[in-house]
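Trainee: Show me the folded form of this:
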Amino acid sequence: MKTNLYVLYGGRSIEHEISIISATAVLNAVDKSKYNVYPVFITKEGQWCPFGKLNNNIEKEKELELSSDKSITQSMGDFIKSIDGNEKNIVFPVLHGNNGEDGTVQGLLELIDIPYVGNEVLSSALCMDKTMTSDILNAHNIPQARYTSIKKYQWDKDLESTLDNLLNDVNLPVFVKPANAGSSVGISKATTRDELIDSINLAFTYDVKLLIQEEVVGKEVETCIIGNNYPKASLSGELEMEDAFYDYEAKYIKKAAVPVIPAKLDIETSKRVREIALKTYEILDCRGIARVDIFVTPENKILVNEINTMPGFTSISMAPMLWQKTDESSFKDLVERLIDYALERYDEKTSISKVKVTN
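Mentor: Coordinates of the predicted model:
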């Protein structure tokens, strides 16, 4: 009997459109002779819209955009009721950003007892919040750029005092980042006090908490980690960019970057980058997959920048390209491995829950 595979995409996130692009690639890569594939679109308003069984590949991403006149709770309830608990089911949340990559959907899937691809509730929530990620890595002595954080209520209450305190912790130039966002949305660089005010005001339109990080002079390299109890690190790669900062427009509109795999690092530095990426993954208790982004300075100093628990799966995304270069895994191979990791983790957890305690 085939396994039912439900692919969630879209979502109430500023990365909604990127999720649709990623989902298209995943849906077209899934082995439909092995799985009954059911795409489930989540609108920007939060309604869950079942596509029905997918028998053929998606030609255009627009095919996946659906609508519903049902409420959020009713549409979610209908989706849950449609799942036959007597059959073998698994969910692939191809969701980026808030309300999908942050532990919320993962918590729902835990409650209804369905295995799912990717990270669990805790690791998803921690890694989504850049400030919490930085604090935990700092506690484990993982090297990072100097950083601080501020909250919107502090900024609204006393801008000048908050700014003074902030500049006591970090030195300009800095990057201002919404704590809970991806795809470089809402991130900007500030080199002066006035620019910093503008950058903070911009970032606060995306989140109520910000990470302020000192600029690092060097290159950023990316390493994709996959696995559960015995995770593996891919080769590291880098992007040669036209723009000084690889923002949302450069990533998805201009596509102004050329991937270089492996990254241009000496052998020893490359080894250290992969080791630190793997250690970061383990400290944050990741499962399934994550991409760890690391700065390497001209002096080969290594600083962890951030971690993405559901990295992009578009045609220009690094994660699949890194594994293709590492062990010749195709995109289809990677999708299948992630599903296998999800089932492996679920089986491990359920085997423990079935153990009866006797006196």
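Trainee: where do the strands sit along the stretch 251-359 of the chain?
Mentor: Counting by DSSP state E, counting those that start in this stretch, the segments of the stretch 251-359 of the chain that form strands are 257-260, 288-296, 302-308.
Trainee: could I get the ones you listed as a markdown table with mean neighbour count, distance to N171 and mean pLDDT?
Mentor: Bear in mind the C-beta positions are built from the backbone N, C-alpha and C, glycine included. Shown next, in a markdown table, are the strands of the stretch 251-359 of the chain (neighbours: other CB atoms under 10 Å; distance: least, CB to CB, whole Å; pLDDT from 0 to 100):
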| stretch | mean neighbour count | distance to N171 | mean pLDDT |
| --- | --- | --- | --- |
| strand 257-260 | 14 | 28 | 89 |
| strand 288-296 | 24 | 16 | 98 |
| strand 302-308 | 21 | 15 | 96 |
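Trainee: Quick check: end-to-end length of stretch 105-124?
Mentor: Distance across stretch 105-124, first residue to last, is 10 Å (CA to CA, to the nearest Å).
Trainee: So N119: helix, strand or coil?
Mentor: Here N119 is recorded as coil under DSSP: H, G, I helix; E, B strand; the rest coil.
Trainee: now the residue nearest to it when sequence neighbours are not counted: how far from D347?
Mentor: Leaving aside its sequence neighbours, N119 sits nearest to T309 (CB to CB, 6 or more residues apart in numbering; 4.3 Å). Applying CB to CB, to the nearest Å, the value for T309 to D347 is 21 Å.
Trainee: Comparing those two, which residue is more hemmed in?
Mentor: T309 (27 against 11; other CB atoms under 10 Å).
Trainee: Just confirm that one contacts A125, I think it does.
Mentor: No: between T309 and A125 there is no contact under CB atoms under 8 Å: 9.5 Å.
Trainee: Grab the nearest non-local neighbour of L95.
Mentor: Nearest residue to L95, sequence neighbours excluded (CB to CB, 6+ apart): G11, at 4.6 Å.
Trainee: M1 reaches N86, doesn't it?
Mentor: No: the pair M1 / N86 is not scored as a contact, 10.2 Å apart, by CB under 8 Å.
Trainee: Now do the contacts for V216.
Mentor: A145, F295, T297, L303, N305 (CB atoms under 8 Å, 6 or more residues apart in numbering).
Trainee: try 10 Å this time
Mentor: Residues near V216 by CB atoms under 10 Å, 6 or more residues apart in numbering: Q144, A145, R146, F175, I294, F295, V296, T297, K301, L303, N305.
Trainee: separation between the closest residue to it other than its chain neighbours and K301?
Mentor: Excluding the flanking residues, the one nearest V216 by CB to CB, 6+ apart is F295, at 4.3 Å. To K301, F295 is 8 Å away according to CB to CB.
Trainee: which residues are in contact with both of the two?
Mentor: P143, V216, G218.
Trainee: Now do the same contact list for L64.
Mentor: When contacts are counted by CB under 10 Å, 6+ apart, L64 touches 7, 9-10, 19-21, 23-24, 27, 39-41, 49, 51, 54, 58.
Trainee: Kindly report the same for D135.
Mentor: Going by CB under 10 Å, 6+ apart, D135 touches L126, D129, Y147, S149.
Trainee: Double-check that the first one belongs to a helix.
Mentor: Yes: following the definition three-state DSSP, L126 is counted among the residues of a helix.
Trainee: wouldn't it be in contact with I136 here?
Mentor: Yes: under the criterion of CB atoms under 10 Å, L126 makes contact with I136 at 6.5 Å.
Trainee: quick check: domain ranges of this structure?
Mentor: Domain assignment for the chain by automatic domain parsing gives 3-116, 146-214, 219-346.
Trainee: Quick check: which of those domains is nearest to I352?
Mentor: I352 lies closest to domain 219-346 among those, at 11.2 Å (CB to CB).
Trainee: any idea how far V335 is from V174?
Mentor: V335 is 38 Å from V174, by CB to CB.
Trainee: Looking at the two, which one has more neighbours?
Mentor: More crowded of V335 and V174, by other CB under 10 Å: V174, with 27 against 23.
Trainee: which other helices and strands contact the helix or strand harbouring L211?
Mentor: According to DSSP states H and E, L211 maps onto strand 209-214. When contacts are defined as 3 or more CB pairs under 10 Å, 6 or more residues apart in numbering; DSSP states H and E, strand 209-214 sits against helix 130-139, strand 147-151, helix 152-157, helix 159-169, strand 174-178, helix 193-203, strand 302-308.
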